[in-house]
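> Would you be able to build a 3D model of this:
(2 chains)
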Number of protein chains: 2
Amino acid sequence: MSQTLKVGLLQAAFGPDMAANIDTVKTLIREAAGKGAQVILPPELFQGEYFCKTQIAAHFDRAYPAFEHPCVTALQPLAEELEVAIPVSIYEKDGPEYYNSVVMLDADGSVLGVYRKSHIPDGPGYQEKFYFKPGDTGFRVWHTRYGRIGVGICWDQWFPECARSMALMGAEVLMYPTAIGSEPQDSGLDTAARWRRCMQGHGVANVIPVVAANRVGNEDGQVFYGTSFISDHTGEVVCDLDREETGVLVAEFDRQAIDRARASWGVFRDRRPDLYDTLV
Amino acid sequence: MSQTLKVGLLQAAFGPDMAANIDTVKTLIREAAGKGAQVILPPELFQGEYFCKTQIAAHFDRAYPAFEHPCVTALQPLAEELEVAIPVSIYEKDGPEYYNSVVMLDADGSVLGVYRKSHIPDGPGYQEKFYFKPGDTGFRVWHTRYGRIGVGICWDQWFPECARSMALMGAEVLMYPTAIGSEPQDSGLDTAARWRRCMQGHGVANVIPVVAANRVGNEDGQVFYGTSFISDHTGEVVCDLDREETGVLVAEFDRQAIDRARASWGVFRDRRPDLYDTLV
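As a prediction, the model looks like this:
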């Protein structure tokens, strides 16, 4: 593998038309690839509007078997053409079970596998426990053509256990597709700053870059706050987008330099699993 | 217990004279108590200069049995007089074993117990593995008169496992006595920003305030960077000190409001211990 790893993300608004959303994602992936990105992250569930605001049975119809999902089959040829790896966030149906999943595409368009969101939120505006069964895959780190990528999904990003596990499994970068914004129960509650701080903390604690892609736009009063970012192995934000813009971010990391920083920092040397029983 | 919990810290430089250092700490604890602080955190190993820069056998003489340590016996009457709880950081000798420990004093001057630092760093300027055996107490949460306080020690603060464990054990606030500053192997390396970011991350992930007390001063070329702070349950810094000043910080938290925020945020509801085997 090369000395550097160049990661990217895209931020956009999504509407009810899946084909239009896929076109938006394709256009932005092309833009990020044009800037050299090798692994490119779209936001969570870009197939449509974020449908989890309420509990409506008809929304289950939005799910597809993972490898037949239109977002997956549409992006496979693009991954192959541009030679980029893409974590594709989808609503997955597996027989009678429904999951919030990521299908990982490698840079030849092949499917590396599926990760199912482990932590499922539930609260006003985010009724995910109605729609998604908690994932059964365990955390996954993908050995892509360009490097080892750990992918969590949205609410997973609030759990240090998930980030640490992926780092212990060898991840070189953590990626989180996201859909987060306003809170209908409290118009004064803005979680954007803590959202970022929590993932910056994972970056420091695991000496690892983090890529977080959120959506923007106002969907029937639920306003998604964007502020997608890429942070380095010290948790410092190296580039970001604002609360409304559509666009891409690309950042390059020196793999050897980060490996050396992680080794000499010593946190993985000094962990005490014998004292961590409380966690499990 | 009262609805509010008022926590404090002190930041200062320390020299070779233990009695003078204890006087400094006493004066600043009085100042913080005067501002209403109920639990007051001094920095790590304030008994003297930070002696772990090099490996010198004579420094082992600095250790005392925990309950006979001069810093402990000197602060017990003050804790009782001011009715404040104090986590006292000491160099502990237990027979042939040496630990980097905290003796927790409750607000009547009584000893609640000892916590021994679990994660021991080792690197240029911080030769702690020579002086301290990794702690054998496990993480501790202290039921003080004013609330449940989790205390980690310096390098512990870089481990999400420690913070999460203390939160799971019922801590309402996390405290970290610290001695951190310049890195002799790289004069351009300044870890102050990531030091803070890492603990802010614990604050967000555990919906809990954090109190971090560092020392200041130049000790034979090793410059401690202060920047002690108190952050709230969203990881936002509510007050801090600069890189050189001597002083105290005091912040008040509404226990019921934070309990409610923690419960409704849902991270402790949604954890997946069945998926955390990698951590242990």
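> any chance you could map the strands in the stretch 1-150 of chain A?
A:4-11, A:39-41, A:86-94, A:97-105, A:111-116, A:141-143, A:148-151 (DSSP state E, counting those that start in this stretch).
> for those strands, which one ends up most surrounded?
Most buried of those, by mean neighbour count (mean count of other Cβ atoms under 10 Å in any protein chain shown): strand A:39-41, with a mean of 31. For every residue, glycine as well, the C-beta is placed using N, CA and C.
> I'd like to know which elements that strand is packed against.
strand A:4-11, helix A:18-34, strand A:86-94, strand A:173-177 (3 or more Cβ pairs under 8 Å, 6 or more residues apart in numbering or on different chains; DSSP states H and E).
> excluding its backbone neighbours, what's nearest A:Gly221?
Of all residues beyond its chain neighbours, the one nearest A:Gly221 is A:Pro184 (7.3 Å), with distances taken as Cβ to Cβ, 6 or more residues apart in numbering or on different chains.
> same deal with A:Ser2?
Nearest residue to A:Ser2, sequence neighbours excluded (Cβ to Cβ, 6+ apart): A:Tyr146, at 7.4 Å.
> for A:Glu236, same thing?
B:Ala193 (6.7 Å).
> With distance to B:Glu245 and mean pLDDT as extra columns, can I get the strands of the stretch 1-150 of chain A in JSON lines?
Putting the strands of the stretch 1-150 of chain A into JSON lines (distance: least, Cβ to Cβ, whole Å; pLDDT from 0 to 100) gives the following:
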{"stretch": "strand A:4-11", "distance to B:Glu245": "40", "mean pLDDT": "98"}
{"stretch": "strand A:39-41", "distance to B:Glu245": "42", "mean pLDDT": "98"}
{"stretch": "strand A:86-94", "distance to B:Glu245": "46", "mean pLDDT": "98"}
{"stretch": "strand A:97-105", "distance to B:Glu245": "48", "mean pLDDT": "98"}
{"stretch": "strand A:111-116", "distance to B:Glu245": "48", "mean pLDDT": "98"}
{"stretch": "strand A:141-143", "distance to B:Glu245": "44", "mean pLDDT": "98"}
{"stretch": "strand A:148-151", "distance to B:Glu245": "41", "mean pLDDT": "98"}
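> With distance to A:Ala74 added, can I get these in a markdown table?
Listed next are these as a markdown table, based on distance: least, Cβ to Cβ, whole Å:
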| stretch | distance to A:Ala74 |
| --- | --- |
| strand A:4-11 | 15 |
| strand A:39-41 | 14 |
| strand A:86-94 | 9 |
| strand A:97-105 | 11 |
| strand A:111-116 | 13 |
| strand A:141-143 | 20 |
| strand A:148-151 | 19 |
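> Identify the residues contacting the closest residue to A:Gly36 other than its chain neighbours.
Distance criterion Cβ to Cβ, 6+ apart; nearest residue to A:Gly36, sequence neighbours excluded, is A:Lys6 at 5.0 Å. Counting by Cβ atoms under 8 Å, 6 or more residues apart in numbering or on different chains, A:Lys6 touches A:36-39, A:146, A:250-253.
> give me that answer again for 6 Å
A:36-38, A:252 (Cβ atoms under 6 Å, 6 or more residues apart in numbering or on different chains).
> can you check A:Ser182 too?
Taking Cβ under 6 Å, 6+ apart as the definition, contacts of A:Ser182 comprise A:222-223.
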